[in-house]
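J.: got a structure for you, letters missing:
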Ligand SMILES: Nc1nc(C(F)(F)F)ncc1COP(=O)(O)OP(=O)(O)O
Ligand SMILES: [Mg+2]
């Protein structure tokens, strides 16, 4: 298993509906800019389905493989298994952690969205490798997002001694990303801040610089 604390640092999440430019070009630029992990999240109005979704997933996975960037699939466990993704990310409304862990096997990455200590404890008990916590700030990207809660839960889990890798999500920008790390997260995840940037490369680079503490991973 890769070192998730490092891999979660600059976590880009995207699907075709989040991009202005060609998704493959956006991902290539984001990788050049220094993202450390990628999540394929093809859902919502106008998203690809079926064979087109598989084709895009395979195309983006190939780009990630060429650059040794782990490729995570959001929600779609069947797709993840079919293309041998590096892992999956699920929320509280998706299949249970226990079921998904059984489907993907022991050495794949399993990320879970958690919104409380109870959800975090259950996720760990059932085999999660990292937590997605948010929305930290208001977001327009996820239509059914819960109200933003700042970094309260991240700070609480760390104060209670939780050592599980955590990535913050929701409305994170180059300007507010450092505060999420200071609160105790190992990384930040973004969609729009990179996918809708004029230069996804520059946006990824700026985001990386804002969260990579000097002297750590350069
Ligand atoms: N996709 C996500 N990725 C992360 C990650 F940790 F990777 F940053 N955290 C949270 C979510 C939200 O996951 P979920 O609650 O299932 O909603 P959706 O399926 O609409 O994304
Ligand atoms: Mg989900």
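T.: That came through, no problem. What you see is a predicted model; the values in this text were computed from it and never measured. Ligands and ions are numbered 1, 2, ... in the order given.
J.: from now on I want contacts and neighbour counts done on CA atoms only, so please keep to that.
T.: Noted.
J.: on the three-state scheme, residue 32 is what?
T.: Under DSSP: H, G, I helix; E, B strand; the rest coil, residue 32 falls in the helix class.
J.: can you give me the buried ones in the lengthiest helix in the chain?
T.: Looking across the chain with DSSP state H, the single longest helix is helix 50-66. In terms of neighbour count (16 or more other Cα atoms under 10 Å), helix 50-66 has its buried residues at 53, 54, 56, 57, 58, 60, 61, 63, 64.
J.: a markdown table for those residues, including pLDDT and distance to ligand 1?
T.: Below are these laid out as a markdown table (pLDDT from 0 to 100; distance: Cα to the nearest ligand atom, whole Å):
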| residue | pLDDT | distance to ligand 1 |
| --- | --- | --- |
| 53 | 98 | 15 |
| 54 | 98 | 17 |
| 56 | 98 | 18 |
| 57 | 99 | 15 |
| 58 | 98 | 19 |
| 60 | 99 | 16 |
| 61 | 99 | 16 |
| 63 | 99 | 19 |
| 64 | 98 | 16 |
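J.: output those residues in CSV, with distance to residue 175 appended to each entry.
T.: As requested, these are exported to CSV (distance: Cα to Cα, whole Å):
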residue, distance to residue 175
53, 33
54, 35
56, 31
57, 30
58, 33
60, 28
61, 29
63, 28
64, 27
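J.: one step back: quick one: contacts of the following helix or strand past the longest helix of the chain?
T.: The C-terminal neighbour of helix 50-66 among helices and strands, as given by DSSP states H and E, is strand 71-74. The contact list for strand 71-74 (Cα atoms under 8 Å, 6 or more residues apart in numbering) reads 37-42, 61, 64-65, 79-80, 85-90, 109.
J.: which secondary structure element is home to residue 12?
T.: Here residue 12 is assigned to strand 10-14, by DSSP H and E.
J.: which strands and helices sit next to that strand?
T.: Where contact means 3 or more Cα pairs under 8 Å, 6 or more residues apart in numbering; DSSP states H and E, strand 10-14 is packed against strand 37-40, strand 187-190, helix 200-211.
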